[in-house]
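**Q** sequence plus predicted model, see below.
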Amino acid sequence: MVLVLFVLSVFVAAASAGFLYQLIGSHRDRRLYAGLGRWIDIGGRCQLYLMEKGTGGPTVLFESGIAATNLNWFHIQENVSHFTYTASYDRSGLGWSSPCRTARTPGNIATELHAMLEGAGIKPPYILVGHSFGGLVMRRFALSYPEEVASVLLVDPMRCEEWPPLNPKKQSEIDRGKKLSRYAIPIARFGLARLAVTSLLCRSGRISGKLAGAAGNGGRHVLDRVTEEVGKMPREVWPIVAAHWSRPGYYAGMCSHVTAVPDTVREMKDAKPIHGIPVMVLTPGKSTPLSDQCLSRIGDNVQQVIAPASAHWIHLDEPDLVIDSIHRMVLDATPEPVAVPV
């Protein structure tokens with residue numbers, strides 16, 4: 001009995017210490033990093049975190065992939081801001097924004113994005129830039145508010161035919177993503193996620209390596225993928241990425257996004273083509289190019305450009321290609337000369 005009480009006391013003490021460690025760390029993160037942007041109230045007890053850089057017009061809007069925040073565009077936005085005004089943000093459920101109140105489908109997200117732009121006083125015309133899942137969001141935005149859109153750049157947009165319900169074989173990936181996200185919520189709540197990602201991105205990585213090893217081959221695979229992808233981002237954003245990934249809310253938001261993938265596919269598989277608006281699609285050289293039929297489903301004025309040295313993360317693998325593509329769109333939408341980016 002004494003041994004049981006001792007073990008229970010140690011467990012409670014460790015859990016309390018972890019909870020306190022997470023609470024203090026979260027307050028510190030918000031104080032250090034969140035002040036770089038501003039929050040825009042879009043109603044329904046929801047605020048979206050907005051990051052703005054540059055001046056002039058037209059406005060270039062960035063939309064990230066399914067579990068990514070505004071940080072995914074850090075390098076691109078910094079360079080594009082040299083020749084026009086730019087805005088990136090965190091969707092609800094991710095980054096510094098409020099928890100999501102609606103299903104994470106392109107229609108709901110596009111509506112929230114539009115409300116944020118109105119609340120922030122950001123006027124059209126907009127050049128829309130979306131990566132992966134964000135490409136579907138920007139397609140929906142262009143269909144919903146065509147009079148406000150100058151052009152669209154889709155960076156390896158999500159292909160509906162590759163996901164459920166059109167491709168039921170991928171359901172296991174969605175189920176696995178939901179399960180891992182749900183497991184991560186209590187892990188983050190008691191500070192273990194903070195311990196792991198801080199070790200990985202801000203320190204030696206020894207602790208994260210041991211934790212991944214304890215989780216088996218799956219843990220090591222996740223660690224390798226995270227290291228490879230985040231390693232392509234500027235080092236100055238790594239501590240902010242660690243702050244995001246330390247929050248229980250991040251994993252709840254990720255779970256909501258992954259859960260909504262089938263509904264996203266149902267919404268977008270028969271979406272109308274974008275009419276009268278120039279669209280450029282950047283396709284990785286390591287993927288199969290989109291067919292003419294697929295391109296025609298996107299819009300009636302679509303150009304596909306192959307990024308020869310890229311995998312899925314073209315904006316991290318070949319950032320200059322993305323920056324140059326945006327610059328050409330800005331030139332096309334601007335009556336006055338625009339300085340060439342450095």
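**A** Nice, thanks for sending it over.
**Q** could I get the full set of helices for this protein?
**A** All helices of the chain, identified by DSSP state H, fall at 2-33, 74-80, 106-120, 133-144, 171-189, 192-202, 206-214, 217-230, 238-245, 248-259, 261-268, 292-298, 314-317, 319-333.
**Q** list the contacts of the second one.
**A** If I follow you right, that is helix 74-80. In this structure, residues lying in contact with helix 74-80 by CB atoms under 8 Å, 6 or more residues apart in numbering are 51, 53-54, 60, 62, 70, 86, 88, 129, 233-234, 236-237, 315-316, 319, 322-323, 326-327, 330, 341-342. (C-beta placed from N, C-alpha, C; glycine too.)
**Q** for that helix, give the mean pLDDT please.
**A** The average pLDDT within helix 74-80 is 98.
**Q** what's the answer for the last one, then?
**A** Looking at helix 319-333 alone, the average pLDDT works out to 97.
**Q** now do the contacts for the most centrally placed residue in the chain.
**A** For the chain, residue 68 is the residue whose C-alpha lies nearest the centre (CA atoms, centre = their mean; 2.3 Å). Residues in contact with residue 68 (CB under 8 Å, 6+ apart) are 94, 131, 134.
**Q** out of those residues, which end up buried?
**A** 94, 131, 134 (16 or more other CB atoms under 10 Å).
**Q** just the helices of the chain: most buried one?
**A** helix 133-144 (a mean of 25; mean count of other CB atoms under 10 Å).
**Q** contacts for stretch 162-182 next, please.
**A** Counting by CB under 8 Å, 6+ apart, 160-161, 222, 251-252, 254-255, 258-259, 261-262, 264-266, 269 sit against stretch 162-182.
**Q** again, only this time at 6 Å
**A** 160, 251, 254-255, 258-259, 261-262, 265 (CB atoms under 6 Å, 6 or more residues apart in numbering).
**Q** and the two most separated of those residues?
**A** By the measure CB to CB, 160 and 251 form the most distant pair in the contacts of stretch 162-182, at 25.3 Å.
**Q** just checking, which helix or strand of the protein averages the lowest pLDDT?
**A** Least confident helix or strand of the chain, by mean pLDDT, DSSP states H and E, is helix 206-214 with a mean of 49.
**Q** ok so, going back, out of the contacts of stretch 162-182, who's nearest residue 295?
**A** residue 160 (13.9 Å).
**Q** which ones are touching that closest one?
**A** 166, 265, 268-269.
**Q** pLDDT wise, what is it at?
**A** pLDDT, read off for residue 160, is 96.
**Q** residue 54 too?
**A** pLDDT at residue 54 comes out at 98.
**Q** also the one 4 residues further on?
**A** Per-residue confidence for residue 58 comes out at a pLDDT of 97.
**Q** ok, now residue 198?
**A** pLDDT at residue 198 comes out at 86.
**Q** residue contacts, the residue nearest to it when sequence neighbours are not counted?
**A** Sequence neighbours aside, residue 242 is the residue nearest to residue 198 in space, at 5.3 Å (criterion: CB to CB, 6 or more residues apart in numbering). By CB under 6 Å, 6+ apart, the contact list for residue 242 reads 197-198, 201-202.
**Q** could you rerun that using 10 Å?
**A** Applying CB atoms under 10 Å, 6 or more residues apart in numbering, one finds that residue 242 lies in contact with 25, 29, 33, 193-194, 196-203, 230.
**Q** so how far is residue 315 from residue 307?
**A** Counting by CB to CB, to the nearest Å, the gap from residue 307 to residue 315 is 9 Å.
**Q** coming back round to it: columns distance to residue 274 on top of the helices of the chain, output as TSV?
**A** Shown next, in TSV, are the helices of the chain (distance: least, CB to CB, whole Å):
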stretch	distance to residue 274
helix 2-33	36
helix 74-80	22
helix 106-120	13
helix 133-144	5
helix 171-189	27
helix 192-202	38
helix 206-214	42
helix 217-230	29
helix 238-245	32
helix 248-259	23
helix 261-268	12
helix 292-298	7
helix 314-317	20
helix 319-333	14
